[in-house]
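> no sequence on this one, just coordinates:
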């Protein structure tokens with residue numbers, strides 16, 4: 001019976017890995033590896049269920065951090081204010097659905113620090129501390145009405161990081177293709193908190 005359960009669990013893990021394979025492929029390419037290296041990696045881990053489990057867990061840890069709080073404001077007022085805050089940050093809402101309470105933005109060029117983002121390290125030094133690292137933030141904002149004067153706000157920030165060899169490179173989104181390296185950045189959760197606090201001020 002134990003062996004049967006183990007086989008079923010192994011099949012489940014392999015199925016889950018199939019769905020996460022595309023995510024890992026994107027991650028490999030972002031880190032500068034080619035498809036041949038990815039395929040070699042895939043062949044090796046197919047024979048090791050423990051590694052597959054570890055990678056599936058890691059996939060979820062790479063996801064953006066979401067932060068939620070209740071704000072003392074009506075849904076309609078908070079909806080308008082959220083869009084205003086995005087525009088004040090030189091951003092543009094790429095998707096708006098008031099019925100669902102969802103606002104998504106295009107990437108907004110933004111200078112971040114180690115308190116707000118983790119973009120990995122080079123020779124032990126965080127990329128985010130290097131002046132040649134440029135970052136952009138995409139927001140996903142969800143509003144949910146609680147009552148006439150309270151609204152729950154959930155903010156998730158996706159961070160794109162780019163490393164330029166030339167420190168004096170002017171950064172704007174159209175120049176990202178000229179980056180020397182694309183970084184795998186993730187939010188610490190602080191930038192989401194800051195956005196919600198800005199709605200209260």
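Sure, I can see it. What you see is a predicted model; the values in this text were computed from it and never measured. Residues are numbered from 1 along each chain as shown.

> who's in contact with whatever helix or strand residue 87 lives in?
If you go by DSSP states H and E, residue 87 is part of helix 75-88. If you take CB atoms under 8 Å, 6 or more residues apart in numbering as the criterion, helix 75-88 is touched by 71, 73, 92-93, 96, 98, 101, 103, 105, 108, 139, 141, 143, 145, 151, 153, 195, 198-199. Where you see a C-beta, it was placed from the backbone N, CA and C, and this is true even at glycine.

> which among those residues end up buried?
71, 73, 93, 96, 101, 103, 105, 108, 139, 141, 143, 151, 153, 195, 199 (16 or more other CB atoms under 10 Å).

> could you look up the SS state of the second one?
The reference is to residue 73. Put simply, residue 73 is coil when judged by DSSP: H, G, I helix; E, B strand; the rest coil.

> what pLDDT does the model give it?
Residue 73 carries a pLDDT value of 96.

> state the distance from residue 99 to residue 143.
11 Å (CB to CB, to the nearest Å).

> what about the strands in this structure?
Along the chain, counting by DSSP state E, strands occupy 66-71, 93-97, 102-105, 108-109, 117-118, 121-122, 125-126, 133-147, 150-163, 181-183, 186-187.

> turn those into TSV, columns for distance to residue 84.
Formatted as TSV, those follow (distance: least, CB to CB, whole Å):
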stretch	distance to residue 84
strand 66-71	14
strand 93-97	11
strand 102-105	11
strand 108-109	14
strand 117-118	24
strand 121-122	37
strand 125-126	33
strand 133-147	12
strand 150-163	14
strand 181-183	30
strand 186-187	22
